[in-house]
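Undergrad: sequence and predicted structure, then a few things I'm wondering about:
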Amino acid sequence: MLKIFEHIGRYFILMGKVFSRPEKGAIYRRRIIREMESLGLDSIGLTAIISVFIGAVITLQMCINLESPFIPRSLVGYATRETMILEFSSTVVALILAGKVGSNIASEIGTMRITEQIDALEIMGVNSASYLILPKIVAAVCFFPFLTILSILIGILGGWGISAATGIMIPDDYVEGLLTDFKPYSIVYSLIKTAVFAYIIASVSAYCGYYARGNSLEVGRASTRAVVSCSIVIMIFNLILTQILLI
Amino acid sequence: MIRAEHIVKSFDGRVVLDDISVEFETGKTNLIIGRSGSGKTVLLKSLVGLHEVDSGRVWYDQTDFTSLGFRDRKAIRKDIGMIFQGGALLDSSTVEENVRLPLDLFTNQSASEKRDRVNFCLQRVRLNNANGLYPAELSGGMIKRVAIARAIVLNPKYLFCDEPNSGLDPQTSVVIDNLIHEITQEYHITTIINTHDMNSVLEIGEKIVYIHEGRKWWEGSKENILQADNRELNDFVFASAMAKRARQAQ
C-alpha cells in the first residue's frame, strides 16, 4: 500500500517537472508535431480496423437479441450509435491505445533512461522530463479526440455495412435509429473522457519509462507496467467521469 | 578547475565513495582510474550532479556546485560537455540533429550559423558526410566522435568522459584518446576521463587519480605511475601479462 503512495508522490513530482516552463517554444512545437505523427497518425489504422468490426458486431448482436415484434428494428441503429459514442470509442479505444501507445512511450523513454540519453540531456542543462514528456502529453490530448470521432463514424458505418451486406435488417431502419433522440452532449462527454484518458496514457506510461532502472529487461517490465497501470487508471476515471458528467 | 572536497556517496546504506578529496586542473587531461566497481562512474556522476552527494562539496572554479538548485546549476551545465560510455546519442535524431540540439536550446543563432558550427565540430572530430545518418547506422568509433562533437559544440569549459574507449578496438581507442587530449589543450578546458585502459593512462594521463574501493588511493602523473610504491595500484597497473613483461624488461 505504501508503495502505491510512493508511486503517486513520484508521479506528481515528475508532473511538476513536466509542466515547468519549457526551454524554447519552437523546439517544443516541432516535437509536438512529431509526436502527433507517431502517437496519433500511426494509430488511425488500428482504431479504424477495430471500430469497423466492433460496430458490425454490435449491430449483429443487437439484431439477434432484440428479435421481437414489440421492439422496433430502428432500435438497433440507436443502440449501436449510443454504444459507440458513450463507451466504445472513448473507453475501449483508450484501452487499446494504452496497449499500443502506452507501451511505445514507456519503452522509448525507458530505453533512453538505461542508455543514458536522459542523463545526457540533463547534463546539457535540459529539463529532460519536460523536453521528453510534455510534447507526448500535448500530442495525445490534442489528437486522441480525433481518433474518437473517427472511431464513432467508422463504427456506425460498420454497423450500416453489415446490415446492408447480410440483410439482417433493412439499412433504412438502421439509419432511422441513428437519427433517433440524438443528444450532442453525448459527443462532448465522449471527447472529455478521451482527453482525460489521453493524458493518463501519455503521463502514466512516461512515468513508468522515466523511472526504469537497470537493463533491457527493465524496459520490458516498464512497458508492461505502463499498460497495466494505464488500464486500471482509465477504468477508475471512466467511473468517476461518468458519475460526474452523466448523472 | 574542479575540486571535490570530502565527497561521500552511498546507495542503500552501502558506501560507494568514502571521503574523496581531489582537484582536477584546468587545461589538463585528468584521469580517474580504478577497477570495475571501484566507484569511478559514481564519482564522475557526482561531480556533474547526476548523483547528489551525501556530504562534501564540488567546486567549479569559485562556485560551490553542490549548494546550487536546478536552475542555478543550469548556467554551469551549459559549460559542461559529457561523453557517455555508450555515446548516449538520441536514437530518434540524426547526427546533425544530435550535435545541433544544444545550439537549438541555448543559443539564438540563425539556421546557417548553427549548420556551420555543427559542420565545424563534426570536421574537428574528423567525421565528414555523416550529418544525415542515425546513431543505429554508425560504428562504435563514429558514435564516440559524434558524442565528442556534441560535447564541444557550445565551447565547454569542462569536459567529462566516462570510459570513452569501452568497446573500441585499440587503434580507434588511440584516435579517441588523442582527439580528447587535443581538444583539451586547444580549448584549455578541464577534462576528466574515467578509464581502466592502461594505454590511455600512459599516453594522455597528465594527472591520474586511482580509486580503490571507493577511496582515493593514489594520485600522480603518467611519468610516476610506473614507479609508484603502492601495492593496490601496482596490482591494477600491472594486471596484464604484457604490462608485467614490460616491467620486468625495465
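TA: Alright, I've got the coordinates. Numbers count the residues shown, from 1 in each chain, chains lettered A, B, ... in the order given.

Undergrad: going forward, measure contacts and count neighbours with C-alpha atoms only.
TA: OK.

Undergrad: which SS class is the residue nearest the centre of chain B?
TA: For chain B, the residue sitting closest to the mean C-alpha position, by CA atoms, centre = their mean, is residue B:161 at 1.7 Å. Using DSSP: H, G, I helix; E, B strand; the rest coil, the structure places residue B:161 in strand.

Undergrad: tell me the predicted confidence for it.
TA: With respect to pLDDT, residue B:161 scores 93.

Undergrad: contact residues of chain A facing chain B?
TA: Residues of chain A lying close to chain B by CA under 8 Å from any CA of the partner chain are A:23-24, A:27, A:112, A:115-117, A:119-120, A:122-126.

Undergrad: emit the ChimeraX select command for whichever of those are buried.
TA: Selecting the buried subset of the residues of chain A next to chain B in ChimeraX, with 16 or more other CA atoms under 10 Å in any protein chain shown as the burial test, is done by:
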select /A:23,112,115,116,117,119,120,122,123,124,125,126
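
Undergrad: follow-up on the earlier one: partners of the residue nearest to the centre of chain B in the sheet?
TA: Per DSSP bridges, the residues bridged to residue B:161 are residue B:83, residue B:193.

Undergrad: does residue A:176 really touch residue A:77, like I thought?
TA: Yes. Counting by CA atoms under 8 Å, residue A:176 does reach residue A:77; the two are 7.2 Å apart.

Undergrad: of these two, who's got more company?
TA: Shown here are residue A:176 and residue A:77; by other CA atoms under 10 Å in any protein chain shown, residue A:77 has more neighbours (29 against 15).

Undergrad: what residues are up against that one?
TA: Contacts for residue A:77 (CA atoms under 8 Å, 6 or more residues apart in numbering or on different chains) come out as A:59, A:159, A:173, A:174, A:175, A:176, A:177, A:178.

Undergrad: farthest-separated two in these?
TA: Pairwise distances across the contacts of residue A:77 peak at 13.8 Å for A:59 and A:176 (criterion: CA to CA).

Undergrad: can you point me to the longest helix in chain A?
TA: As assigned by DSSP state H, the longest helix anywhere in chain A is helix A:128-166.

Undergrad: mind checking which helix or strand the residue nearest to residue A:73 when sequence neighbours are not counted is in?
TA: Nearest non-adjacent residue to residue A:73, counting by CA to CA, 6 or more residues apart in numbering or on different chains: residue A:173, 6.2 Å away. Secondary structure from DSSP states H and E places residue A:173 in helix A:171-179.

Undergrad: buried stuff in whatever helix or strand comes next after that helix?
TA: Going down the chain from helix A:171-179, the next helix or strand is helix A:184-210, by DSSP H and E. By neighbour count with 16+ other CA under 10 Å, helix A:184-210 contains the buried residues A:187, A:189-210.

Undergrad: what is the orientation angle of helix A:184-210 with helix A:128-166?
TA: Using axes from the mean of the first three to the mean of the last three CA atoms, to 10 degrees, the inter-axis angle of helix A:184-210 relative to helix A:128-166 is 130 degrees.

Undergrad: give the rounded mean pLDDT of helix A:184-210.
TA: Mean predicted lDDT for helix A:184-210 stands at 96.

Undergrad: which parts of the next helix or strand after it are buried?
TA: Next helix or strand after helix A:184-210 toward the C-terminus (DSSP H and E): helix A:216-246. Along helix A:216-246, these residues count as buried under the neighbour rule (16+ other CA under 10 Å): A:218-231, A:234-235, A:237-238, A:241.

Undergrad: for chain B, name the helix or strand with the lowest mean pLDDT.
TA: helix B:241-249 (a mean of 72; mean pLDDT, DSSP states H and E).

Undergrad: who touches that one?
TA: B:237, B:238.

Undergrad: report the contact partners of residue A:12.
TA: Residue A:12 neighbours (CA under 8 Å, 6+ apart): none.

Undergrad: burial measure for residue A:69, as a count.
TA: Residue A:69, neighbours per other CA under 10 Å, totals 7.

Undergrad: so which strand or helix has it?
TA: Applying DSSP H and E, one finds residue A:69 in no helix or strand.

Undergrad: with residue B:209 instead?
TA: strand B:207-212.

Undergrad: tabulate the CA atom coordinates of that strand in PDB.
TA: Presented in PDB, the C-alpha positions along strand B:207-212 are these (Å, rounded to 0.1, in the frame of the first residue of the first chain):
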ATOM      1  CA  LYS B 207      47.000  13.900 -13.800                       C
ATOM      2  CA  ILE B 208      45.900  10.500 -12.600                       C
ATOM      3  CA  VAL B 209      43.700   9.600  -9.600                       C
ATOM      4  CA  TYR B 210      43.500   6.000  -8.600                       C
ATOM      5  CA  ILE B 211      40.200   5.000  -6.900                       C
ATOM      6  CA  HIS B 212      40.100   1.800  -4.900                       C
END
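
Undergrad: nothing else from me, thank you.
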